[in-house]
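In: test case, fold it:
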Amino acid sequence: MSILLARMAPLPRQLQPLVWLSNLALSLSVKVNHTHRAVSQQVIAGVLSTLLLVIPFWLIISFFIELAEFPWFFEALVIYICLQDDHFRYIAREVSIAIQRDNKGRARALLQPWLNRSTLSLSSVGLSKVTIERLATTPTYGIASTVLFYCIGGVPLLLAARMLKQLDNVWPVYNPQYRFFGIAVYALSSIVHFIPAKLWSFTLAIQGGPKSLAVLLNPKVNAPPIVEYQTSAVIASALNVELGGPAKFQSGKNIDEKVILPKLKYGRLPEASDIQRALRFNSIAFGLWSFAIILLPAIWGTLRMLNS
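Out: Okay, the predicted model is just below:
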């Protein structure tokens with residue numbers, strides 16, 4: 001079911017419930033995130049904001065599904081919503097075409113709704129970098145976490161994990177504005193998505209050979225966001241390109257503030273053609289997950305029949 005839902009046409013981004021949650025989180029942070037206050041106050045404000053945004057909506061949706069006459073329909077709807085970001089691969093194709101045509105304005109506009117950083121000054125290399133990074137890391141909390149958490153704890157666990165990740169994206173700790181405000185949700189989301197990230201990274205690493213597998217097992221960069229960085233390191237190794245590096249974020253003064261982030265140097269600077277290569281890696285990895293989802297239940301059912 002997850003594979004079918006992942007292949008369905010995406011909702012318009014402005015109509016996605018998780019985007020509404022992001023907008024609500026941004027509005028709340030404007031009111032309660034005061035960077036001039038003590039670190040402890042910023043952390044407490046972040047914890048309380050996370051609880052306020054996650055618990056009420058999670059309880060309402062979970063109880064509604066339990067009380068529904070056809071719970072399977074609403075479960076499928078929640079899974080479909082949680083898989084929406086996996087459709088970024090369509091955006092990545094458009095970005096690649098725009099870069100090849102030297103239309104950086106269109107590429108920046110396409111990427112801006114999907115990123116938590118400024119794209120206004122990104123060059124062709126920068127656009128290629130962030131597109132490949134996003135393409136590699138999105139399935140971690142898309143198909144990988146959806147399959148894993150739904151199998152373990154059903155829709156309630158899946159929904160809680162996805163909401164945490166959405167808040168983590170809205171309040172990134174590597175943005176100075178949310179360094180302490182977002183630390184709690186970042187830590188919790190990193191722990192929750194550690195296994196899905198490793199599983200997804202493994203399906204990328206086996207395509208890159210022994211070198212990429214070594215990067216997966218022994219990551220060299222452990223900076224925040226740690227889950228995304230380790231997955232990006234695997235795809236950078238597989239493509240033999242450089243990812244990471246400085247980023248610009250909008251500060252409270254409505255100006256872009258440059259932040260120095262680690263670089264993942266595994267080769268030359270990426271180009272638009274490397275986005276197409278990353279798309280092929282993504283498609284093959286998605287196919288491996290599809291095969292595993294179909295094969296494992298078939299094996300389980302066959303063994304049950306043989307035992308009976």
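In: mean confidence for stretch 31-44?
Out: Over the span of stretch 31-44, the pLDDT mean works out to 92.
In: oh, I was asking about stretch 213-224
Out: pLDDT averaged over stretch 213-224 gives 86.
In: check which residues of it are buried.
Out: Residues of stretch 213-224 classed as buried: 213, 215, 216, 219, 224 (neighbour count, 16 or more other CB atoms under 10 Å). In this view, the C-beta of every residue, glycine as well, is placed from N, C-alpha and C.
In: please report how far the second one lies from residue 222.
Out: Same thing as residue 215. Distance, residue 215 to residue 222, using CB to CB, to the nearest Å: 13 Å.
In: in the protein, where is pLDDT below threshold?
Out: 1-15, 251-255, 296-301, 303-304, 308 (pLDDT under 70).
In: show me where it has its helices.
Out: 2-7, 17-32, 39-67, 71-82, 88-100, 104-111, 124-137, 143-170, 183-192, 194-208, 210-217, 226-239, 272-307 (DSSP state H).
In: how about the ones you listed in TSV, adding distance to residue 265?
Out: Below are the helices of the chain laid out as TSV (distance: least, CB to CB, whole Å):
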stretch	distance to residue 265
helix 2-7	33
helix 17-32	32
helix 39-67	33
helix 71-82	34
helix 88-100	21
helix 104-111	23
helix 124-137	12
helix 143-170	25
helix 183-192	23
helix 194-208	15
helix 210-217	12
helix 226-239	8
helix 272-307	15
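In: wait, what's in contact with the residue most central in space within the chain?
Out: Nearest to the mean C-alpha position of the chain, by CA atoms, centre = their mean, lies residue 138 at 3.5 Å. Residue 138 makes contact with 85, 86, 88, according to CB atoms under 8 Å, 6 or more residues apart in numbering.
In: picking up where we left off before, which one of the helices of the chain lies closest to residue 247?
Out: Among the helices of the chain, helix 124-137 comes nearest to residue 247, with 8.3 Å by CB to CB.
In: give me the helices and strands touching that closest one, please.
Out: helix 88-100, helix 104-111, helix 226-239, strand 242-244, helix 272-307 (3 or more CB pairs under 8 Å, 6 or more residues apart in numbering; DSSP states H and E).
In: one more time with 6 Å, if that's ok
Out: For helix 124-137, the packing partners by 3 or more CB pairs under 6 Å, 6 or more residues apart in numbering; DSSP states H and E come out as helix 88-100, helix 226-239, helix 272-307.
In: appreciated, that's everything.
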